[in-house]
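Colleague: Just to be clear, the model below is a prediction. Sequence and coordinates:
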Amino acid sequence: MLTRGGHSGGMDMDFEACRRAFLTRDTRFDGRIFGAVKTTGIYCRPICPARTPKPQNMTFYPSAAACQEAGYRPCLRCRPESSPDLGAWRGTSNTVSRALALIEAGAMDAGDVDGLAARLGVGERQLRRLFRQHLGASPVAVAQTRRVLLAKQLIQETLLPMGEVALASGFGSVRRFNETFQQLFSRPPGTLRRSRADEAPSEVAGITVRLPYRAPYDWVAMIDFLSARAIPGVEQVTPRRYARTLVVEGMCGVVTVSPGAGDFLVAEIHFPKVRVLPAVIARIRRVFDLTADPGLIGSHLSQDPALAPLVAARPGLRAPGAWDGFELAVRAILGQQITVTAARGLAAKLVAAYGEAVEDPTAAALGLARAFPTPDRLVGKDIAALGMPRSRGAALEALARTVAADPAIFTPCASLESAVAALKALPGVGEWTAQYIALRELREPDAFPQADIGLLRSMADAAGLRPTPAELLVRAEAWRPWRAYAAQHLWAADAVTAVKAVEPPAVEAAKTKRTRTDARRRAA
């Protein structure tokens, strides 16, 4: 849709194509473009139910931040804050994608553009230029829009008091919160609340928010992946709900996530302080991969004959993220050269020995008792005593010591290659582990652990001959820049094959057991 010759707010966009999307209310463009109306000062989503304005009164932008930076306010009918967030995949700049992930995690709440650029290994002017090119807005505008839209969502979807909404959405003060809404909507924030019910403190019933995504979404595959790795006492998984304890900024809370009635997930968040809400929401979105565009990714991967049937079978497959970089690194090291089930058992022992006890009625009701241990709780501990090789226990203790000294280790780098190189410098982390951490924690869409046995097994030929890691890496060149999603499809296919391989003996054993039971009953 980005072309020469169109007219829009600061970017070359095909005006007629954008307008057709609004006239037909095309859901494919929801989250990709926003239309601003010059006569009303409002910007909308393509699916807005309001009458489409005259062409001369419209201009189009590639992001909500670009609209707000141009002086437009969000529509109260179509609610731009509830549109799918495809920012991480829009455009071709990996630098912008990584910057957006850092902004969502709160990098601009206590920092500036210079600091953000430094973390990404680029100059401040270069970062601003890339944001203008791909999003039509500055990094500061993107961060401000994120706060405003989250605040608007909390006002309309929860009963939080306005003071807590201000803190929960990242505003530094209630005064600044009120001034922003007065300027943007020409009214105080409280008037945007549809329900006039009494406001309730967040600690009583938790905060429930809707987190939209671009359909389709393979919830079953996501929950199966998380269920296979769930640590007893920390995570509790059922077919329709995922729940866990979580530590953010030194505070322990509980989150539950379940599929909604539409194209969104429902997250219920219980934390003692609402100021961590943006960080918690960012983690939920990261773990459940809510910024992905499955149509775009699937279309690219389907060009490979080996992947085409896998994509067709699971069109909404996502790449599960991680809740915490240290936790993922520990679990990845625990899982080296053993099965997922065995690694899960070791993780459970680690949590039972060193995880902080959680005394919370919500956690207790869900069967959750502990939080995953933070790095400082493992420093100086004899982890190998839990039942693993001493070298592995020593690697975990050294990893904990390293991360405790530098908590920012697990943040996006300038490139996938630099991220993998930095991760491989950590104790106990090799190429496979580094690629796995980059895939799940750093959300690198092109990360690819080519030596993984499941990937090699899935790419075996008709005779059962598996490729070497080097051969698989060459084959995967055609899958760039979505090799992480190709890996997820191959893992899903490998899991299905493994289940089919064990089903016949299991069925036969069940039949034998029923036959013996019937025989005993007849004898009796």
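Modeller: Noted; the coordinates are in hand.

Colleague: So what's the residue count around the nearest residue to residue 290 once chain neighbours are set aside?
Modeller: Closest residue in space to residue 290, ignoring its immediate chain neighbours: residue 213 at 4.5 Å, by Cβ to Cβ, 6 or more residues apart in numbering. For every residue, glycine as well, the C-beta is placed using N, CA and C. Residue 213: 24 surrounding residues under other Cβ atoms under 10 Å.

Colleague: do residue 298 as well
Modeller: Neighbours of residue 298 (other Cβ under 10 Å): 22.

Colleague: Low-confidence regions, the protein specifically.
Modeller: Within the chain, the stretches with pLDDT under 70 are 1-12, 85-92, 194-205, 498-524.

Colleague: From the centre of it outward, give me the first residue you hit.
Modeller: In the chain, the centroid-proximal residue (Cα atoms, centre = their mean) is residue 286; its distance is 1.4 Å.

Colleague: other SSEs contacting the helix or strand where that one lies?
Modeller: Using DSSP states H and E, residue 286 falls within helix 277-287. Contacts defined by 3 or more Cβ pairs under 8 Å, 6 or more residues apart in numbering; DSSP states H and E place helix 277-287 against helix 94-104, helix 139-157, strand 207-212, strand 241-248, strand 251-259, strand 264-270.

Colleague: Now do the strands in the stretch 1-150 of the chain.
Modeller: 34-37, 42-44, 58-61, 73-74 (DSSP state E, counting those that start in this stretch).

Colleague: These into CSV, with extra columns for distance to residue 465 and mean neighbour count?
Modeller: CSV is the format used below for the strands of the stretch 1-150 of the chain (distance: least, Cβ to Cβ, whole Å; neighbours: other Cβ atoms under 10 Å):
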stretch, distance to residue 465, mean neighbour count
strand 34-37, 51, 26
strand 42-44, 55, 25
strand 58-61, 52, 24
strand 73-74, 56, 22
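
Colleague: In JSON lines, list the ones you listed along with distance to residue 176.
Modeller: Shown next, in JSON lines, are the strands of the stretch 1-150 of the chain (distance: least, Cβ to Cβ, whole Å):
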{"stretch": "strand 34-37", "distance to residue 176": "24"}
{"stretch": "strand 42-44", "distance to residue 176": "22"}
{"stretch": "strand 58-61", "distance to residue 176": "25"}
{"stretch": "strand 73-74", "distance to residue 176": "17"}
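
Colleague: thinking again about what came up before, what are the contacting residues of the helix holding residue 286?
Modeller: 85, 101, 104-106, 109, 146-147, 150, 154, 168-170, 207, 209, 211, 226, 246, 248-249, 253, 255, 257, 265, 267, 269, 271, 290-291, 320-324, 443 (Cβ atoms under 8 Å, 6 or more residues apart in numbering).

Colleague: if we go to 6 Å?
Modeller: Helix 277-287 has contacts (Cβ atoms under 6 Å, 6 or more residues apart in numbering) with 104, 105, 106, 168, 170, 248, 267, 269, 321, 323.

Colleague: what does stretch 66-79 give?
Modeller: 9, 34, 36, 41-45, 48, 50, 61, 80, 136-137, 141, 145, 184-185.

Colleague: Dump the contacts of helix 277-287 to a markdown table, plus neighbour count and distance to residue 416.
Modeller: A markdown table is the format used below for the contacts of helix 277-287 (neighbours: other Cβ atoms under 10 Å; distance: Cβ to Cβ, whole Å):
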| residue | neighbour count | distance to residue 416 |
| --- | --- | --- |
| 104 | 23 | 19 |
| 105 | 17 | 18 |
| 106 | 17 | 23 |
| 168 | 27 | 33 |
| 170 | 22 | 29 |
| 248 | 20 | 26 |
| 267 | 22 | 29 |
| 269 | 22 | 31 |
| 321 | 20 | 16 |
| 323 | 23 | 21 |
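
Colleague: just those now: which is nearest residue 435?
Modeller: residue 321 (14.5 Å; Cβ to Cβ).

Colleague: list the contacts for that closest one?
Modeller: Shown in contact with residue 321 (Cβ under 6 Å, 6+ apart): 286, 287, 289, 440, 443.

Colleague: Nearest to residue 21 among these?
Modeller: residue 289 (24.7 Å).

Colleague: And for the nearest residue to the closest one once chain neighbours are set aside, the neighbour number?
Modeller: The shortest distance from residue 289 to any non-neighbouring residue, by Cβ to Cβ, 6+ apart, is to residue 318 (3.7 Å). Residue 318 has 23 neighbours, counted by other Cβ under 10 Å.

Colleague: contacting residues around residue 318?
Modeller: Going by Cβ under 6 Å, 6+ apart, residue 318 touches 222, 289, 292.

Colleague: helix or strand for the first one, which one?
Modeller: Following DSSP H and E, the helix or strand that holds residue 222 is helix 219-228.

Colleague: Export the helices and strands packed on helix 277-287 as CSV, with columns for distance to residue 487.
Modeller: Formatted as CSV, those follow (distance: least, Cβ to Cβ, whole Å):
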stretch, distance to residue 487
helix 94-104, 18
helix 139-157, 29
strand 207-212, 24
strand 241-248, 21
strand 251-259, 23
strand 264-270, 23
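
Colleague: Among those, which comes closest to residue 300?
Modeller: That would be helix 94-104 among the helices and strands packed on helix 277-287, by Cβ to Cβ, at 15.4 Å.

Colleague: what is the orientation angle of that closest one with helix 277-287?
Modeller: Angle, helix 94-104 to helix 277-287, by axes from the mean of the first three to the mean of the last three Cα atoms, to 10 degrees: 140 degrees.

Colleague: between helix 94-104 and helix 139-157, how big is the angle?
Modeller: Using the same axes, to 10 degrees: helix 94-104 against helix 139-157 is 50 degrees.

Colleague: which strands and helices sit next to helix 94-104?
Modeller: helix 113-120, helix 124-135 (3 or more Cβ pairs under 6 Å, 6 or more residues apart in numbering; DSSP states H and E).

Colleague: change it to 7 Å
Modeller: helix 113-120, helix 124-135, helix 139-157 (3 or more Cβ pairs under 7 Å, 6 or more residues apart in numbering; DSSP states H and E).

Colleague: Output that helix as PDB, nothing but the C-alphas.
Modeller: C-alpha atoms of helix 94-104 as PDB (Å, rounded to 0.1, in the frame of the first residue of the first chain):
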ATOM      1  CA  ASN A  94      14.100  -4.800  11.900                       C
ATOM      2  CA  THR A  95      15.400  -1.900  13.900                       C
ATOM      3  CA  VAL A  96      11.900  -0.300  14.100                       C
ATOM      4  CA  SER A  97      10.500  -3.700  15.100                       C
ATOM      5  CA  ARG A  98      13.000  -4.000  17.900                       C
ATOM      6  CA  ALA A  99      12.400  -0.400  19.000                       C
ATOM      7  CA  LEU A 100       8.600  -0.900  19.100                       C
ATOM      8  CA  ALA A 101       9.100  -4.000  21.400                       C
ATOM      9  CA  LEU A 102      11.300  -1.900  23.700                       C
ATOM     10  CA  ILE A 103       8.800   0.900  23.800                       C
ATOM     11  CA  GLU A 104       6.000  -1.500  24.600                       C
END
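
Colleague: And for it, what's in contact with it?
Modeller: 87-88, 116, 119-120, 122, 127, 130-131, 134-135, 139, 142-143, 146, 282, 411-412, 443 (Cβ atoms under 7 Å, 6 or more residues apart in numbering).

Colleague: what distance separates that helix from the centre of its chain?
Modeller: 13 Å (Cα atoms, centre = their mean, to the nearest Å).

Colleague: now stretch 244-255
Modeller: On Cα atoms, centre = their mean, the centre of stretch 244-255 falls 16 Å from that of its chain.
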